[in-house]
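In: Turn this into a structure:
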Amino acid sequence: MGAERKSSRRNGYVMEGKVSMGESILQETLDPGSDSGGGDHSNDVLGRMPDSIRATFSAEQIAAIRAATQEDWGTHPVNIRLRVPLLLRRGYFTLVAGICHRSPERHSQDRQIHPLRTLGNILFVGGCAALTYLVIIAGLLFFSAIFEY
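Out: You can find the predicted model right below:
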């Protein structure tokens with residue numbers, strides 16, 4: 001089993017190397033079809049590691065990486081997730097809302113890491129406002145044409 005070679009493509013990375021003792025656990029972790037929850041980023045973390053390091057992880061270490069990189073968003077009253085087609089790529093839009101349980105310190109930390117006033121946010125809000133105004137104007141023109149005749 002140690003001399004057997006493997007080559008597979010996962011998460012955009014080509015992984016080649018010997019099949020080692022922890023390989024079945026590692027493949028289960030890297031398998032995008034595995035049931036690992038929605039916020040599991042261990043696939044990205046493990047996929048970016050060199051084969052020589054990745055092959056040395058024990059089951060306990062892989063479990064620790066999964067626990068450290070897992071995001072638990074819980075349940076929210078509003079949870080809207082949409083994929084949006086763009087010109088050359090696909091984008092996504094996520095709106096999650098609910099009661100905030102974070103401390104003021106955590107809020108200030110989040111604002112430093114993810115500032116609200118960015119070019120992308122300004123363009124998005126401006127685009128949504130422009131689209132809303134266009135729909136309102138089109139509706140007014142449509143209804144005014146109906147009332148005239």
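
In: longest helix anywhere in this structure?
Out: The longest helix of the chain (DSSP state H) is helix 119-148.

In: where's residue 144 relative to residue 138, distance?
Out: According to CB to CB, to the nearest Å, residue 144 and residue 138 sit 11 Å apart. Where C-beta positions appear, they are placed from N, C-alpha and C, glycine not excepted.

In: can you give me the strands in the protein?
Out: In the chain, the strands defined using DSSP state E lie at 5-10, 13-18, 78-85, 90-97.

In: quick one, domains of this structure?
Out: Here the chain is described, according to automatic domain parsing, as comprising the domains 5-69, 78-148.

In: average pLDDT for the longest one?
Out: Read that as domain 78-148. On average, the pLDDT along domain 78-148 is 90.

In: One more: the shortest one?
Out: In this model, domain 5-69 carries a mean pLDDT of 61.

In: What sits closest to residue 85 if chain neighbours are left out?
Out: residue 91 (7.8 Å; CB to CB, 6 or more residues apart in numbering).

In: I'd like to check which residues are in contact with residue 92.
Out: Taking CB atoms under 8 Å, 6 or more residues apart in numbering, we find residue 92 in contact with 81-84.
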